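**Q** no FASTA, just this:
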């Protein structure tokens, strides 16, 4: 979830406040195979039936499995924090089963490590502060930023831009270069939210942006469908999927912008787990599983050629 240039404002530093919030640590987490957190589900398709990629043939790699710390593998599970309202990356289907390309990749990583992957639903902004305590890793479309790298380590695995979405035909004449005085919907804790807040700092006091921040992307989409917001801003694959599920009520505004690398979040300083995840992602790239998963979800445009530990932020 990365930022583009809202003219000259893109160069502004992203506030570290969105990174780790004490208040965000007390969420009610649950295995993602449990109840729905989709809120306004029909608007963004978080309850849509989707067939994921079958990773059952992915084999354990003993050398990579040996790298996994005992603290992670002692219970035989790879616990993964993710916000399952973010289709097509991670969401709940009609049977409340977690699906999406991030879910498939998480399951494949677990197979390589000889572990059973257990996705755990949480709100996006509460995941990073809980890596190493509630979750072994986090996979939830996290853009790699310098601020986030102060709290967790990252292993790169994908890239995505950002997209604006408006009502079909843009009846409000939305213009992303001038957000002052508008109601804009974003998901809480994302870099899109941070960018809009940064843009708001430059607006005059009588024309501030009304930022409608929601925990779930489904609610973000619903805010535009129902007219509560003029536009929403989200990761390109997520925005594209959400738009496709609204029955023609929404459309993308402008071109995708701000393409940036996303990563698997790992406990800060856990070099063993960093290496295990990086080698596992690399193995999935080399044996073709990675590409097949992305192709299954129609998001191959976000593929990367090399997985790295703590790469430079874009």
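**A** Structure received. Every value quoted in this text rests on a predicted model; they were computed, and no experiment measured them.
**Q** How is the residue sitting furthest away from the middle of the chain assigned, secondary-structure-wise?
**A** Relative to the C-alpha centroid of the chain, counting by Cα atoms, centre = their mean, residue 206 is the outermost residue, at 33.4 Å. With DSSP: H, G, I helix; E, B strand; the rest coil as the basis, residue 206 sits in helix.
**Q** Do you know the pLDDT at it?
**A** We have a pLDDT of 97 for residue 206.
**Q** For the stretch 201-314 of the chain, just list every one of the helices.
**A** Here the stretch 201-314 of the chain has its helices, by DSSP state H, counting those that start in this stretch, at 217-225, 236-244, 271-286, 289-296.
**Q** And the shortest one, what does it pack against?
**A** If contacts are counted by 3 or more Cβ pairs under 8 Å, 6 or more residues apart in numbering; DSSP states H and E, helix 289-296 sits against helix 101-113, helix 271-286. Where you see a C-beta, it was placed from the backbone N, CA and C, and this is true even at glycine.
**Q** Quick one: the helices of the stretch 201-314 of the chain as CSV, columns for distance to residue 94, mean pLDDT and mean neighbour count too.
**A** Formatted as CSV, the helices of the stretch 201-314 of the chain follow (distance: least, Cβ to Cβ, whole Å; pLDDT from 0 to 100; neighbours: other Cβ atoms under 10 Å):
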stretch, distance to residue 94, mean pLDDT, mean neighbour count
helix 217-225, 14, 95, 28
helix 236-244, 16, 89, 24
helix 271-286, 28, 98, 21
helix 289-296, 18, 95, 19
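**Q** Mind putting those helices into CSV with distance to residue 148?
**A** Shown next, in CSV, are those (distance: least, Cβ to Cβ, whole Å):
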stretch, distance to residue 148
helix 217-225, 19
helix 236-244, 18
helix 271-286, 15
helix 289-296, 23
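**Q** Which of those sits closest to residue 154?
**A** helix 271-286 (8.6 Å; Cβ to Cβ).
**Q** Relative to the whole chain's centre, how far out is the closest one?
**A** Centroid separation for helix 271-286 versus its chain: 20 Å, with Cα atoms, centre = their mean, to the nearest Å.
**Q** which residues touch it?
**A** Helix 271-286 is contacted from outside by 58, 61, 63-65, 67-69, 72, 105, 108-109, 112-113, 136-137, 153, 155-157, 264, 266-267, 290-291, 293, 305-310, using Cβ atoms under 8 Å, 6 or more residues apart in numbering.
**Q** quick one on the thing from earlier: which one, of the helices and strands packed on helix 289-296, ends up nearest to residue 257?
**A** helix 101-113 (21.2 Å).
**Q** Run the angle between the closest one and helix 271-286 for me.
**A** Counting by axes from the mean of the first three to the mean of the last three Cα atoms, to 10 degrees, helix 101-113 points 110 degrees away from the direction of helix 271-286.
**Q** and the angle from helix 101-113 to helix 236-244?
**A** Here the directions of helix 101-113 and helix 236-244 differ by 130 degrees (the same axes, to 10 degrees).
**Q** shift numbering so it begins at 14
**A** Sure, I'll start counting at 14 from here, so that last one is helix 114-126.
**Q** So which elements touch helix 114-126?
**A** By 3+ Cβ pairs under 8 Å, 6+ apart, helix 114-126 packs against helix 75-80, strand 90-95, strand 129-134, helix 284-299, helix 302-309.
**Q** okay, the ones you listed in JSON lines with distance to residue 63 next?
**A** Compiled in JSON lines, the helices and strands packed on helix 114-126 are given as follows (distance: least, Cβ to Cβ, whole Å):
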{"stretch": "helix 75-80", "distance to residue 63": "28"}
{"stretch": "strand 90-95", "distance to residue 63": "15"}
{"stretch": "strand 129-134", "distance to residue 63": "15"}
{"stretch": "helix 284-299", "distance to residue 63": "20"}
{"stretch": "helix 302-309", "distance to residue 63": "9"}
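**Q** and of those, who's closest to residue 267?
**A** Judged by Cβ to Cβ, the one of the helices and strands packed on helix 114-126 that comes nearest to residue 267 is helix 302-309, at 24.2 Å.
**Q** mind checking the longest strand of the chain?
**A** The longest strand of the chain (DSSP state E) is strand 263-280.
**Q** thinking again about what came up before, among the helices and strands packed on helix 114-126, which comes closest to residue 141?
**A** Closest approach to residue 141 among those (Cβ to Cβ): strand 90-95, 8.4 Å.
**Q** Sheet partners, orientation included, of that closest one?
**A** Strand 90-95 has these partner strands in its sheet, going by DSSP bridges: strand 129-134 (parallel), strand 150-151 (parallel).
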